[in-house]
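Asks: Mind folding the following:
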Amino acid sequence: MAKAIPAIYENGVLRPLAPVNFSERQTVWLQVLPEQTTTELLPLLEPLYESGLLTPATSSDAPPISDADLVAMVQSIHVAGQPLSETIIEDRGEW
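Replies: Purely as a prediction, here's the structure:
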């Protein structure tokens, strides 16, 4: 089931800002959309919702977030250290 969720790109990693229901190491396909306000984005997504290709988030997925709250949340995120992808590569060692 396809779902539209916000994410932030930091230190070479896309990190979801809403809960996702994936299995560990599950492969997924991403469609990256430029940052837009919710009111600008909804009309673009409507044909995908109507066709069943995309399922809108429900209130059980996450509480509603205003654009201002989302911007404040994103700006308050600070991740220290190296990206998880780099840690995984180090743990793998020599091939």
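Asks: what's the following helix or strand after whichever strand or helix holds Leu45?
Replies: Using DSSP states H and E, Leu45 sits within helix 38-51. Moving toward the C-terminus from helix 38-51, the next helix or strand (DSSP H and E) is helix 67-76.
Asks: which residues pair with Val13 across the strands?
Replies: Val13 has these beta-bridge partners by DSSP bridges: Glu10.
Asks: What mean pLDDT does the helix holding Leu45 get?
Replies: Mean pLDDT, helix 38-51: 79.
Asks: Check the offset of it from the chain's centre.
Replies: From the chain centre to the centre of helix 38-51 is a distance of 17 Å (Cα atoms, centre = their mean, to the nearest Å).
Asks: relative to helix 67-76, how tilted is that helix?
Replies: If you take axes from the mean of the first three to the mean of the last three Cα atoms, to 10 degrees, helix 38-51 sits at 100 degrees to helix 67-76.
Asks: can you list the weak-confidence ranges in this structure?
Replies: The model of the chain has pLDDT under 70 over residues 1-2, 34-38, 56-64, 95.
Asks: rewinding a little: CA atoms only for the helix holding Leu45, dumped as CSV, please.
Replies: What follows is helix 38-51, C-alpha atoms only, in CSV (Å, rounded to 0.1, in the frame of the first residue of the first chain):
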residue,chain,number,x,y,z
THR,A,38,-0.1,21.0,2.3
THR,A,39,-2.6,23.1,0.4
GLU,A,40,-0.4,23.1,-2.7
LEU,A,41,0.3,19.3,-2.5
LEU,A,42,-3.2,17.9,-1.9
PRO,A,43,-4.6,18.7,-5.4
LEU,A,44,-1.5,17.0,-6.9
LEU,A,45,-2.1,13.9,-4.9
GLU,A,46,-5.9,13.7,-5.4
PRO,A,47,-5.7,11.8,-8.7
LEU,A,48,-3.5,9.2,-7.0
TYR,A,49,-5.9,8.8,-4.2
GLU,A,50,-8.9,8.4,-6.5
SER,A,51,-7.1,5.8,-8.6
